[in-house]
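Colleague: need coordinates for the following:
(chains A and B)
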Amino acid sequence: MTETPEERDPQLEPWLESLRAAPPRDPARAAQARAAFLAAANSAGAVSTAPQSRLNHWKNTIRGFFRPQQERKPMFSTFGTILLIAALLLGGGGATAVAAQTAEPDGALYPVKVWSEEVRFVLARTDQNRLELALQFADRRMAEIQNQLAAGEAPDAALQLRLQNQLELALRLAAGLPPEETPGALLRVQAAFQNQLRAAEAWQIADPAGEQLRQQVRAMLQERLDLCAEGLQDPLLLRQRMQERLQNRINVDPTLPADGSLNPWTEGTPTPGSGYGPGPGDNQNPWTDGTPTPGSGYGPGPGDGTPICENCTPGVGPGPGDGDGTPECTPGTGPGPGDGTPVCENCTPGTGTGPGPQATGTASGGSGGSNGSRP
Amino acid sequence: MDESRLLQGARAFDPGCLAELYDRYSPEIYAYAWRLLGDVHLAEDCTAETFTHLLSALRSGGGPSDHLRAYLYRTAHNIATDHYRRHPPADLSEDLSSADPPPEALAGLAQRQRQMRAALLRLTPEQRQVILLRFYQGLDPAETAAALGRPTGAIKSLQHRALAALRRLLNQEDIE
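Modeller: The predicted model follows:
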């Protein structure tokens, strides 16, 4: 301990003393961790994957925006698609899209509204524009939640999840801007989140469920405001943290209900397009057929429907493996897409802790995906 | 080897430098993580994640340009904070308000550790960091400032406020 005589306090000293002696490390585990670090260092030094990482980052960003989350009313998506096609065939696409902009989540035109937002996002020419759109769409979600609460309707979990995704996306975009633009963008995001926080405080709420929703929205905004503050101090660190959150799928707020109702990895029977799994494992695999690199995420499933790791949960996330490549229910097994059935009760989606220095990624990353149904 | 040369070697992924870097800093990062998290397994995980994070940053061309040690502490602190976000600790007030330590020395120490950790967790993140870094990890004000991303001049007043807050929290129950 470094004594600072000017602050020495006989009253505090016994308390400070209590934490002075840290318990010794387990030598075996320490040696294993050291070996894992050096192996990862060797691997990282041998191949620079920065360009590939950037490509994956953008692929995931775009996919994440389009990836269907849990649909409270999946029929609405189908209905919306049919409606859209019909509208386009009848030559009224533009008018329909315009009319849809005021649609509420339970309205028939709401899927058109969401679709038009996605199109605008993709067509935006710069990341700054995309950032503005993400913030604008988050504002829309806030207004929709407010309208639902004012109408005395039950909180819509899918809407809440969509809000969370857009807040996360805005922060990720701000963190990913060129260094000279990041501070300004973070200030912009911070101001927007603070406005949204104030808006949530002003919601007129009459029932406990609404109050619970307010707490959840407040928590998700506050978490990202904290990240903003950290990013303003160290933009590079925030960028890394946002990349890790993306890789580890840390975009589900831990304060949200743990009953699975907001689980983006559906626990029900996957509908076409709703699952993350690579499907049967043959050449329909849309992700990759190559050997995944450590931390790269999606490995192809075994293809025969047999999970290799029976204790693994989809989405456990990459992390420091135990060095022997054995798939276990620990970080390092990679985000295994699959049927969403939680097998290991101790694991939660997205709790992986970073690139797994020892994970081979040859099978374990996708071992749970045998039942996924990705079109 | 001084820290700047170590960092330079790490940036080049020199195996010797990386091994020395790990051997030099992982024990203290582990101790720091244990003080924050109170569990040896979590502390090991946090340590591993901290160094994995460093590798990841270096690999993407980022990472610290100086103050490597401070960078590691900052990363470890963020990881621990993320852990508490995902797994909020049980009611801290129970730890703080629990009865006086039992007479048995070991039980008393464990109790005191829990209370001390509960008090630390009630400080602001910066106050918590300044207490741990200055009083346990032996960082000087400049390194502490680098870890916190604050000017060196602000550290003394931050430390003063942190100690006052800690004293107040612990005084509520036990220090009279």
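
Colleague: low-scoring stretches of chain B, by residue?
Modeller: Scanning chain B with the threshold set as pLDDT under 70 gives B:90-107, B:173-176.

Colleague: tell me how it divides into domains.
Modeller: Listed by automatic domain parsing, the domain ranges of chain B are B:1-88, B:92-176.

Colleague: show me the domain layout of chain A.
Modeller: A:54-248, A:279-370.

Colleague: lowest average confidence across those domains, which one?
Modeller: Note on the domains of chain A: domain A:279-370 shows the lowest mean pLDDT, a mean of 39.

Colleague: about what we covered before: would CSV of the domains of chain B with distance to A:Trp15 and mean neighbour count be doable?
Modeller: (Glycine included, C-beta is placed from N, CA and C.) Putting the domains of chain B into CSV (distance: least, CB to CB, whole Å; neighbours: other CB atoms under 10 Å in any protein chain shown) gives the following:
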stretch, distance to A:Trp15, mean neighbour count
domain B:1-88, 12, 20
domain B:92-176, 5, 17
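
Colleague: who wins for proximity to chain A among these?
Modeller: Using CB to the nearest CB as the criterion, the shortest distance between chain A and the domains of chain B is 2.7 Å, found for domain B:1-88.

Colleague: who does the longest helix along chain A touch, helix- and strand-wise?
Modeller: Ordering each helix of chain A by length in residues (DSSP state H) puts helix A:208-233 first. Helix A:208-233 sits against helix A:127-150, helix A:157-175, helix A:182-201, helix A:235-248, with contacts defined as 3 or more CB pairs under 8 Å, 6 or more residues apart in numbering or on different chains; DSSP states H and E.

Colleague: name the nearest residue to the residue of the stretch 151-300 of chain A found nearest chain B, sequence neighbours excluded.
Modeller: With CB to the nearest CB, the shortest gap between the stretch 151-300 of chain A and chain B falls at A:Gln233, namely 3.8 Å. Among residues not flanking A:Gln233 along the chain, B:Gly149 sits closest, at 3.8 Å (CB to CB, 6 or more residues apart in numbering or on different chains).

Colleague: which helices and strands does the host helix or strand of B:Leu55 pack with?
Modeller: For B:Leu55, the host element (DSSP states H and E) is helix B:40-59. Helix B:40-59 is packed against helix A:27-46, helix A:235-248, helix B:3-11, helix B:15-37, helix B:68-86, with contacts defined by 3+ CB pairs under 8 Å, 6+ apart.

Colleague: now distance to A:Ala191 too, for these, in TSV please.
Modeller: Formatted as TSV, the helices and strands packed on helix B:40-59 follow (distance: least, CB to CB, whole Å):
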stretch	distance to A:Ala191
helix A:27-46	37
helix A:235-248	17
helix B:3-11	36
helix B:15-37	31
helix B:68-86	23
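
Colleague: what's the closest of the ones you listed to B:Glu49?
Modeller: Using CB to CB as the criterion, the shortest distance between B:Glu49 and the helices and strands packed on helix B:40-59 is 5.2 Å, found for helix B:68-86.

Colleague: and the spatially most central residue of chain B, how far is that from B:Leu158?
Modeller: By CA atoms, centre = their mean, chain B has its centre lying nearest to B:Tyr32, at 4.2 Å. Using CB to CB, to the nearest Å, we find B:Tyr32 at a distance of 18 Å from B:Leu158.

Colleague: same question for A:Gly152.
Modeller: Going from A:Gly152 to B:Leu158 by CB to CB gives 48 Å.

Colleague: same question, A:Ala124
Modeller: On the measure of CB to CB, A:Ala124 and B:Leu158 end up 42 Å apart.

Colleague: now A:Ala158
Modeller: From A:Ala158 across to B:Leu158, the span is 44 Å (CB to CB).

Colleague: over to A:Leu16?
Modeller: Counting by CB to CB, the separation of A:Leu16 from B:Leu158 is 17 Å.

Colleague: what sits against the residue nearest to B:Gln113 when sequence neighbours are not counted?
Modeller: Once flanking residues are discounted, B:Gln113 sits nearest to A:Ser18: 4.9 Å by CB to CB, 6+ apart. The contact partners of A:Ser18, by CB atoms under 8 Å, 6 or more residues apart in numbering or on different chains, come to B:109, B:112-113, B:116.

Colleague: can you report phi and psi for A:Ser18?
Modeller: Here is the backbone geometry of A:Ser18 (degrees, to the nearest 10): phi -60, psi -30.

Colleague: before we move on, what about B:Tyr136?
Modeller: Torsion angles, degrees, to the nearest 10, at B:Tyr136: phi -120, psi -40.

Colleague: same check, this time on the one 5 residues further on
Modeller: With angles defined as degrees, to the nearest 10, B:Pro141 shows backbone torsions of phi -60, psi -40.

Colleague: over to the one 10 residues further on?
Modeller: The phi and psi torsions at B:Pro151 (degrees, to the nearest 10) take the values phi -60, psi 150.

Colleague: shouldn't B:Leu55 be in contact with A:Asn42?
Modeller: No: if you go by CB atoms under 8 Å, B:Leu55 and A:Asn42 don't touch, sitting 10.1 Å apart.

Colleague: who touches B:Gly62 in this structure?
Modeller: A:236, A:239-240.

Colleague: what about A:Ala99, neighbour count?
Modeller: By other CB atoms under 10 Å in any protein chain shown, 14 other residues sit near A:Ala99.

Colleague: pretty sure it is touching A:Leu109, no?
Modeller: Yes: between A:Ala99 and A:Leu109 there is a contact under CB under 8 Å: 6.2 Å.

Colleague: I'd like the distance between B:Arg24 and B:Ala80.
Modeller: B:Arg24 is 21 Å from B:Ala80, by CB to CB.

Colleague: A:Leu173 now?
Modeller: Between A:Leu173 and B:Ala80 the computed distance is 27 Å (CB to CB).

Colleague: B:Gly153 now?
Modeller: Between B:Gly153 and B:Ala80 the computed distance is 27 Å (CB to CB).

Colleague: ok, A:Trp203 - contacts?
Modeller: A:Trp203 sits next to A:145-146, A:149, A:210, A:214 when contact means CB under 8 Å, 6+ apart.

Colleague: most neighbours, which of the residues you listed?
Modeller: A:Ile145 (24 neighbours).

Colleague: which residue is the nearest non-sequential neighbour of that residue?
Modeller: Per CB to CB, 6+ apart, closest to A:Ile145 is A:Leu159, 6.2 Å.
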